[in-house]
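Participant: Predicted model, plus sequence, below.
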Amino acid sequence: MHLFLILALGPDWRRFRAMVSVINDHIRAFKAQAQRLKATLKIGKEGFTPPLLVALDDALKQHELVKMRFDGSKELGRKT
């Protein structure tokens with residue numbers, strides 16, 4: 001797969017690899033920040049409703065990272 005990607009990108013493959021590295025660094029930083037955050041939005045049984053999407057949009061305008069909690073997941077349970 002990597003060889004195919006390099007051949008498809010041609011001489012730009014090094015720039016693409018650097019971009020992926022930067023993206024991975026951002027993801028790691030967001031995950032570290034999320035550990036300390038409390039959930040600001042709760043998603044219930046109804047899922048993503050229009051009011052929830054409005055609240056998410058408002059929260060993202062104020063903060064770079066928003067943590068959500070799924071309340072319906074307790075009823076679903078986890079398969080072990």
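Facilitator: That came through fine.
Participant: For this protein, give me the ranges with low pLDDT.
Facilitator: Scanning the chain for pLDDT under 70 picks out 1-19, 22, 72-80.
Participant: Helices of that one, residue ranges please.
Facilitator: Counting by DSSP state H, the chain has these helices, from start to end: 2-9, 13-36, 50-62, 73-76.
Participant: which residue packs closest to Ile43, ignoring adjacent ones?
Facilitator: Closest residue to Ile43 apart from its sequence neighbours, by CB to CB, 6 or more residues apart in numbering: Phe70 at 4.9 Å. C-beta here means a position set from N, CA and C on the backbone, and glycine is covered the same way.
Participant: try Leu56
Facilitator: Sequence neighbours aside, Leu41 is the residue nearest to Leu56 in space, at 6.1 Å (criterion: CB to CB, 6+ apart).
Participant: how far away is that neighbour from Pro50?
Facilitator: When distance is defined by CB to CB, to the nearest Å, Leu41 is 14 Å away from Pro50.
Participant: the more surrounded of those two?
Facilitator: Counted by other CB atoms under 10 Å, Leu41 and Pro50 do not tie: Leu41 has more neighbours, with 14 against 7.
Participant: ok, now which ones touch the more buried one?
Facilitator: Neighbour list for Leu41: 52, 55-56, 59, 66-69 [criterion: CB atoms under 8 Å, 6 or more residues apart in numbering].
Participant: So the protein: which segments form each domain?
Facilitator: 1-36, 37-80 (automatic domain parsing).
Participant: burial of Gln33, as a residue count?
Facilitator: For Gln33, the count of nearby residues is 12 (other CB under 10 Å).
Participant: Report the contact partners of the closest residue to it other than its chain neighbours.
Facilitator: Distances taken as CB to CB, 6+ apart put Leu65 closest to Gln33, at 5.6 Å, once the chain neighbours are dropped. Contacts of Leu65 were listed using CB under 8 Å, 6+ apart, and they are 30, 33-34, 37.
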